[in-house]
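> sequence plus the predicted model coming up.
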Amino acid sequence: MRIHVLKRCKELPGVTKSEIDSKKRLLAECIHHIEKDTGAKCPPVIVSPCLFFSQKAGKIFFGGAATAPLEIKDKTIVIVTLPTLLHFDKDVILGILAEEFLHYTYFIASWIKGKPPPPEDKDKQHKPQLWFKNPHIIKCYHKAQKQKQTPQQFLKIKQDWQRKGGPISNGTELKPQRIDKLFIPRDIQRKLAQKKLI
């Protein structure tokens, strides 16, 4: 398991080192829960200093699964935003990571089968029951989903992050790159085959 906190996270005037260290430990605990429950390793998790805000959709993205835009060994990563980690409690963060894990496994299955992801308006993740046995993780997943339906929550996170001097991105770093550059972990490929998802 690897967590990469991007350097700029530690340079923001409104965020302390102790806050980042505390949330990094919490993130490690959440990843451990997911790996233990699924029997599969999570890809590296990047903590981005950016708040991903879609002007067009008028909403915030808490994170994403993508092929790596960074110089790291593995080609597939999960990105979680620092404002997400600072704003939410452990249950919601676990739920967000669970969702990104489901996106990650869905993308890997699509790439193995040689199929492009569905259009933007279609769901791009596996159902939580396909991967998670622990009812607490499924409960946290649904709790995180409810957060997305609260415009007031989006606005508060955005305003808080701007006050801390944090950067805002349109999330272009989440867009998948070419499929032939993808590194597919063996354990995920084996699990997908066992679940008849490929």
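Thanks, I have it. The structure presented is a predicted model; accordingly, all values stated were derived computationally and were not measured.
> mind listing what's buried in the longest helix seen in the chain?
The helix that spans the most residues within the chain, counting by DSSP state H, is helix 90-113. By neighbour count, with 16 or more other C-beta atoms under 10 Å as the criterion, the buried positions of helix 90-113 are 91-112. From N, CA and C alone the C-beta is placed, and that goes for glycine too.
> I'd like the average pLDDT over it.
Helix 90-113 carries an average pLDDT of 88.
> contact partners for Phe132?
Counting by C-beta atoms under 8 Å, 6 or more residues apart in numbering, Phe132 touches 34, 37-38, 98, 138, 141.
> repeat the analysis, applying 6 Å as the threshold.
Applying C-beta atoms under 6 Å, 6 or more residues apart in numbering to Phe132 gives the contacts 37, 138.
> do Lys191 as well
By C-beta under 6 Å, 6+ apart, the residues touching Lys191 are Ala40.
> would you map the helices across the chain?
Across the chain, reading from the start of the chain, the helices by DSSP H fall at 17-38, 82-87, 90-113, 128-131, 135-147, 151-163, 186-194.
> now these in a markdown table, with distance to Arg8?
Formatted as a markdown table, these follow (distance: least, C-beta to C-beta, whole Å):
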| stretch | distance to Arg8 |
| --- | --- |
| helix 17-38 | 11 |
| helix 82-87 | 9 |
| helix 90-113 | 20 |
| helix 128-131 | 32 |
| helix 135-147 | 25 |
| helix 151-163 | 13 |
| helix 186-194 | 30 |
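> for Pro49, which of those is the nearest?
Taking C-beta to C-beta as the criterion, helix 82-87 is the member of the helices of the chain that comes nearest to Pro49, at 5.3 Å.
> mind picking out the helix or strand in this protein with the poorest mean pLDDT?
The element with the least model confidence among the helices and strands of the chain, by mean pLDDT, DSSP states H and E, is strand 63-67, at a mean of 59.
> so where's this structure shaky on pLDDT?
Scanning the chain for pLDDT under 70 picks out the ranges 1, 54-60, 62-75, 116-123, 148-151, 171-183.
> okay, Gln159 and Gln153: tell me how far apart.
In this structure, Gln159 lies at 11 Å from Gln153, with C-beta to C-beta, to the nearest Å as the measure.
> so those two - more neighbours on which side?
Here Gln159 and Gln153 are set side by side on neighbour count (other C-beta atoms under 10 Å), and the busier one is Gln153, at 16 against 10.
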